[in-house]
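[1] I'd like to go over a predicted model; first the sequence, then the structure.
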Amino acid sequence: MTAPAPVLIAGGGIAGLALALALARRGIRSTVLERQQAPAAAGAGIQLGPNGVRALQRLGVADALKTWVSEPEAIEVRAGSSGRRLARLPLGSWIEKRHGAPYWVAHRGDLHAVLAAATAAEPLIERRTGFEVASVAQTAEQVTVADAAGRSIAGPILAGADGLWSAVRPALAPGSGPQPAGATATRTVIPAGQAGALAGSAVGVWLSRQAHVVHYPVRRGAEIAVVIIAREAEARPGRGWDADADASRLPRRLASFHLSLAQVLMPAAGRAWTWREWSLHTLPALPAWAQGRVVLLGDAAHPMLPYLAQGGALALEDAIMLADCLRQPGPEPGPEPAAALTRFEALRAARARRVQVASLRQGRIYHLAPPLSWARDAVLALAPAPWLMAGYDWLYAWRPPA
């Protein structure tokens, strides 16, 4: 018997590699089409709540990543101008007991490396580098993808896991595209020994009107990942998320923060961190994530603003659920492709939208101005921390189907 043609996956990032692994775990072949010749080690952190860790466990890569992560004991929320701690929200053993999986923080490059190693070891997965999707065409029997060089490949299904600026999305929703969100994220990773007030085992969140700062340990505590998310009056151009940051902007973005934070991050003699930046974008709701034999997942379908730190976790969830919808139990063929992809969207769209809305609301809360910010700070200081964290049970309690 001839083996079924592999599922095509556009994008070799977290969503694409996770989908390839999830399919392989169900005996389904795939070909990952990667735009880059070699993956770049993104110098950024990633937070993985219990829902994200549970997805990694299902994929069989959690143990490999565990040696590189940190497990913070809490989220410490501080007033940006004074450095005063407003709340210490429990993580660590509290959240693991509550949700059956830990809360991890990691270097994004480590997560990608673990996924890449697992896909390289899987005979059902082929990875093609230097293949940038230029066009997509489908018939009732197959979908064909071509690149700018004229090379083409056909398969039974195309999954667009190619991020915010997806080249697959126009095949489903011509004219749709990201819209500036009015904020810029600037990130770096610094040695823990030089992190001053930022060093420690907790996730730190510092709040101010025009910006907020998040930091947490990565690589077993050896480094501290930092991101500054600042409101911008004008949209910054550019599609990438790994552009050199303009260091001259840092003083303005850090001006409202306490010296214990600002002095660590400001450029100084003999100490100049490498900063990268990207403009935040939203995507208007698509008419559909799936059409015929083409489907979108992760940021290609539902990009997340970073205020809930759920972009990576939702991509992992998507990968598992899409593979479940395409599974081929026993000797029988899997479901008809269009029906399977439509079912995937039906199972995932409401959750993705809820997380998007909650993340947008969280960003507004972070950047409140007085007197509303005073009320926010009072709630954080006076409300029981476990009660505040219980408000996210709906987010972290997600479990893949048995």
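    All right, it came through fine.
[2] so where is this protein shaky, pLDDT-wise?
    1-3, 39-43, 233-242, 268-271, 328-335 (pLDDT under 70).
[3] Now do residue 121 against residue 314, distance only.
    When distance is defined by C-beta to C-beta, to the nearest Å, residue 121 is 26 Å away from residue 314. (Each C-beta comes from the backbone N, C-alpha and C, glycine too.)
[4] These two - which one has more neighbours?
    Neighbours were tallied for residue 121 and for residue 314 using other C-beta atoms under 10 Å; the higher tally belongs to residue 314 (29 against 9).
[5] can you pull the contacts of the more buried one?
    Shown in contact with residue 314 (C-beta atoms under 8 Å, 6 or more residues apart in numbering): 298, 302, 304, 351, 352, 355.
[6] and after the helix or strand hosting it, which helix or strand comes next?
    When elements are assigned from DSSP states H and E, residue 314 belongs to helix 311-326. Following helix 311-326 in sequence order, the next helix or strand is helix 337-366 (DSSP H and E).
[7] Output the contacting helices and strands for that following helix.
    Contact here means 3 or more C-beta pairs under 8 Å, 6 or more residues apart in numbering; DSSP states H and E; on that basis helix 337-366 packs against strand 290-291, strand 294-296, helix 311-326, helix 393-396.
[8] Based on its surroundings, how many neighbours for residue 383?
    Residues within reach of residue 383, counting by other C-beta under 10 Å, total 12.
[9] What's the separation between the residue lying closest to residue 91 once chain neighbours are set aside and residue 347?
    In this structure, residue 91 finds its nearest non-sequential neighbour in residue 103, 4.5 Å apart by C-beta to C-beta, 6 or more residues apart in numbering. Taking C-beta to C-beta as the measure, residue 103 and residue 347 are separated by 25 Å.
[10] Select the longest strand from the chain.
    When every strand of the chain is counted residue by residue (DSSP state E), the longest turns out to be strand 179-191.
[11] Give me the buried stretch members for that strand, please.
    181, 182, 183, 184, 185, 186, 187, 188, 189, 190 (16 or more other C-beta atoms under 10 Å).
[12] now do stretch 348-357
    Going by neighbour count (16+ other C-beta under 10 Å), the buried part of stretch 348-357 is 348, 349, 351, 352, 355, 356.
[13] Distance to residue 400 added to these, as a markdown table?
    Formatted as a markdown table, the buried residues of stretch 348-357 follow (distance: C-beta to C-beta, whole Å):
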| residue | distance to residue 400 |
| --- | --- |
| 348 | 12 |
| 349 | 17 |
| 351 | 12 |
| 352 | 15 |
| 355 | 16 |
| 356 | 21 |
